[in-house]
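A.B. asks: Return a 3D structure for these sequence lines:
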Amino acid sequence: MEVRLFRRIGFIYAVVCFIGSAAGVIIFFKQLVDGGRECSEFYCEGNISGSESMLLATIQMVLCLISAVIYALLKVGIDEAKMKYIRIHKAFMATRNFVLIVRWTFVSVTLGIIQIGGVNPPAFAEQQNFATVMLLFISVLFGVEMWITDGIQRYVEEVYIYEENVDIL
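C.D. replies: Have a look, this model is predicted:
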């Protein structure tokens, strides 16, 4: 792929992810204001108290806020061809995805052990399938994000080299 195409792909990626992170901040802030957790029939965080639920919503809201800031930095890095912003994004993205992979692996393995132990309600099977799908989704997403970020990094390097050559002439 042409390196210049990654400018447009990176811009779209940064904007879409920023909107998703901002939506996450709003959703988790709404949970904090409502004072309760969102719990559906399909997936619920187990038997956690109200204060634990508030703590989880707060942590998730802060992480979504940090993600929104990092995606804004990525957009600025693309526009201004600043390599340090791209590197900050890459480090944050790798850390975030590593933590999410560990989390969903833990959930999937724990639910598998519970099923092997003989406790086999249908909700556990659904939750284990959900955790496995999330693990696969995050792994694939990690690869796509690394590909996009690498392309953006090559674009910024090309712009930097071009500007250096123009300054020399």
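A.B. asks: how about low-confidence regions in this protein?
C.D. replies: Where the chain drops to pLDDT under 70, the residues are 1, 36-50, 166-169.
A.B. asks: Specify the helix with the largest residue count in it.
C.D. replies: When the chain is parsed with DSSP state H, its longest helix is helix 122-168.
A.B. asks: That helix packs against which elements?
C.D. replies: Under the contact criterion of 3 or more CB pairs under 8 Å, 6 or more residues apart in numbering; DSSP states H and E, helix 122-168 touches helix 5-34, helix 50-80, helix 83-116. No exception for glycine: its C-beta is placed from N, CA and C like everyone else's.
A.B. asks: relative to helix 83-116, how tilted is the shortest one?
C.D. replies: I take that to be helix 5-34. For helix 5-34 against helix 83-116, the angle by axes from the mean of the first three to the mean of the last three CA atoms, to 10 degrees is 60 degrees.
A.B. asks: Just the angle for helix 5-34 relative to helix 50-80, thanks.
C.D. replies: 160 degrees.
A.B. asks: name the helices or strands packed onto helix 5-34?
C.D. replies: The contact analysis (3+ CB pairs under 8 Å, 6+ apart) places helix 5-34 against helix 50-80, helix 122-168.
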